[in-house]
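> below is the structure, and that's it, no one-letter string:
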């Protein structure tokens, strides 16, 4: 909300500025049209991010997180669940990625 407060106009006002410029038959200067459009899109991103954060936080408080979202400490819990344990009770070493062979690294005769 602090970021949105920096803007002089709301998203709706920016849309009205663009719409009025098109309907009046006069074209807005290209720089102004780009600036208004950019400002409007930035505000939309901020609004959607804020809405998503609010929805996620309320779901977290209710104990129902959407799929793919983890609780704040979920990474440690997920890591402990995915650790492979050997027969002796000690954890297995993590799997290493296979190295790819480089193409074109062979010397040409």
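Thanks, I have it. Only a predicted model underlies this, so the values are computations on that prediction, with no experimental measurement involved. Numbering: from 1, shown residues only.

> show me what the helix or strand encompassing residue 49 is packed against.
Using DSSP states H and E, residue 49 maps to helix 30-62. If contacts are counted by 3 or more Cβ pairs under 8 Å, 6 or more residues apart in numbering; DSSP states H and E, helix 30-62 sits against helix 2-5, helix 11-23. From N, CA and C alone the C-beta is placed, and that goes for glycine too.

> just checking, which helix or strand of this protein averages the lowest pLDDT?
helix 74-82 (a mean of 49; mean pLDDT, DSSP states H and E).

> pLDDT on the helix holding residue 49, on average?
Mean pLDDT, helix 30-62: 85.

> report the angle between it and helix 11-23.
150 degrees (axes from the mean of the first three to the mean of the last three Cα atoms, to 10 degrees).

> flag every buried residue along helix 30-62.
36, 39-40, 42-43, 46 (16 or more other Cβ atoms under 10 Å).

> which single one of those is nearest to residue 9?
Residue 9 has its nearest neighbour among the buried residues of helix 30-62 in residue 39, at 7.4 Å by Cβ to Cβ.

> my guess is the closest one meets residue 10, correct?
No: taking contacts as Cβ atoms under 8 Å, residue 39 lies outside contact range of residue 10: 10.4 Å.

> contacts only, for the nearest residue to residue 14 once chain neighbours are set aside.
Excluding the flanking residues, the one nearest residue 14 by Cβ to Cβ, 6 or more residues apart in numbering is residue 40, at 3.9 Å. By Cβ atoms under 8 Å, 6 or more residues apart in numbering, the residues touching residue 40 are 11, 14-15, 18.

> how about a cut-off of 7 Å?
Applying Cβ atoms under 7 Å, 6 or more residues apart in numbering, we find residue 40 in contact with 11, 14-15.

> can you select the buried ones among those for me in ChimeraX?
Typed into ChimeraX, the next command selects the buried ones out of the contacts of residue 40 (criterion: 16+ other Cβ under 10 Å):
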select :11,14
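
> JSON lines for the contacts of residue 40, including pLDDT and distance to residue 62?
Shown next, in JSON lines, are the contacts of residue 40 (pLDDT from 0 to 100; distance: Cβ to Cβ, whole Å):
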{"residue": "11", "pLDDT": "74", "distance to residue 62": "29"}
{"residue": "14", "pLDDT": "78", "distance to residue 62": "35"}
{"residue": "15", "pLDDT": "79", "distance to residue 62": "35"}
